[in-house]
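Novice: Build me a model:
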Amino acid sequence: MTRTTARIGGGVGLAVLLAACQPQGGHSGKPAAAASGAPQNACMQVTSPPGKPLTLRAVAYDTPNLETCGVYIEGLRLEQHHDTLGLWNGVYIFADARGIDSAADLGATRYAMYTSDQRQQIDQSLQQQIAEARSSKPATPQP
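Specialist: Coordinates of the predicted model:
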């Protein structure tokens, strides 16, 4: 498996980065096998239960681009504490400890979606949002 780094630009705030992102080139354009039931522009989490086909769960609808879906998938990775696989318009997204990558299919060459500095900014913002969401949840009443 090959990993290629594509720079989007450094030193940009998360909001500006996401607003300026456009889907990256380098993908074959062929639809992913799991994408057959996925709505257009929906960011999906892909899971693979043992011995079963890949399943899709909607994370967000009307997702403007691949990079935004990548941030959503990274947020799931941080919340769930394990590598997470996503899908947007037939392109797979891999969020793991090494980075947030995309590929035309599961075995294809992966392309880095963010530089390490950008990923660090994204993770800091997501971790802050996760912490705020957890602290604002009401305590579960005990019987």
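
Novice: hey, let's count contacts and neighbours off CA atoms from now on
Specialist: Will do.

Novice: Student question: in the protein, what's the helix or strand with minimum average pLDDT?
Specialist: Lowest mean confidence among the helices and strands of the chain (mean pLDDT, DSSP states H and E): helix 14-20, at a mean of 34.

Novice: For the helix or strand that comes right after it, output the C-alpha coordinates as CSV.
Specialist: Using DSSP states H and E, the helix or strand that follows helix 14-20 towards the C-terminus is strand 43-47. Output of strand 43-47 as CSV, limited to C-alpha atoms (Å, rounded to 0.1, in the frame of the first residue of the first chain):
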residue,chain,number,x,y,z
CYS,A,43,-20.6,11.1,4.4
MET,A,44,-20.8,7.4,5.5
GLN,A,45,-19.0,5.3,8.1
VAL,A,46,-18.1,1.9,6.7
THR,A,47,-18.0,-1.1,9.0
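
Novice: For strand 43-47, buried residues please.
Specialist: For strand 43-47, burial by neighbour count (16 or more other Cα atoms under 10 Å) applies to 43, 44, 45, 46.

Novice: count of neighbours near the closest residue to the second one other than its chain neighbours?
Specialist: Just to be clear, that refers to residue 44. Distance criterion Cα to Cα, 6 or more residues apart in numbering; nearest residue to residue 44, sequence neighbours excluded, is residue 58 at 4.5 Å. Neighbours of residue 58 under the rule other Cα atoms under 10 Å: 14.
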